[in-house]
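1. A predicted structure for the sequence below; I have some questions about it.
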Amino acid sequence: MSEISRTDVEHLAKLAHITMTDAELEKMTNELGVIVDSVKRIQEAAGEDVPATSHPLPLTNVFREDTVGHVFTAEESLASAPDAEDSRFKVPAILTEAEDAVTSSVAQEGAHR
């Protein structure tokens with residue numbers, strides 16, 4: 001039989017703020033007991049001569065050479081852009097000038113603190 005008692009399950013339920021009926025407590029006690037017993041059996045099977053493993057198969061990382069491929073020029077990058085200005089993508093403004101002023105003054109205040 002496992003070391004998990006109904007009192008242990010009641011205590012855990014109280015710590016987790018879970019309300020459990022008598023039937024639920026009984027069922028959970030049995031289920032946790034099976035889990036604890038299973039873990040004990042596995043621990044008995046693995047002796048000190050058996051190394052601990054996290055995966056049944058060895059893991060290897062495959063690396064490849066980091067080589068530079070085709071590098072786009074600014075003109076190539078902007079060729080299919082909907083709008084461009086001064087060799088940059090042009091996007092719609094999302095802040096108004098008033099919001100920019102508030103944002104920059106807040107940033108300046110934070111920098112002075």
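-> The structure has been received and is ready for your questions. Residues are numbered from 1 along each chain as shown.

2. Distance-wise, check the residue nearest in space to the middle of the chain relative to Ile18.
-> For the chain, the residue nearest the mean C-alpha position is Ser54 (19.0 Å; CA atoms, centre = their mean). For Ser54, the distance to Ile18 (CB to CB, to the nearest Å) stands at 31 Å. C-betas here are computed from N, CA, C, even on glycine.

3. can I see the domain layout of this structure?
-> Domain segmentation of the chain under automatic domain parsing yields 6-45, 74-112.

4. Just send these back as a markdown table, with mean neighbour count and distance to Pro58 too.
-> Formatted as a markdown table, the entries for those read as follows, by neighbours: other CB atoms under 10 Å; distance: least, CB to CB, whole Å:
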| stretch | mean neighbour count | distance to Pro58 |
| --- | --- | --- |
| domain 6-45 | 12 | 21 |
| domain 74-112 | 10 | 43 |
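
5. Minimum distance to Leu59: which of those domains has it?
-> Closest of the domains of the chain to Leu59 is domain 6-45, at 21.5 Å (criterion: CB to CB).

6. next one: the closest one to chain centre, how far?
-> 28 Å (CA atoms, centre = their mean, to the nearest Å).

7. other SSEs contacting the biggest helix by length in the chain?
-> In the chain, with assignment by DSSP state H, the single longest helix is helix 22-45. On a contact count with 3 or more CB pairs under 8 Å, 6 or more residues apart in numbering; DSSP states H and E, helix 22-45 meets helix 6-15.

8. Mind listing residues that contact the helix it packs on?
-> Thr19, Met20, Leu25, Glu26, Met28, Thr29, Leu32 (CB atoms under 8 Å, 6 or more residues apart in numbering).

9. With that, I have no additional questions.
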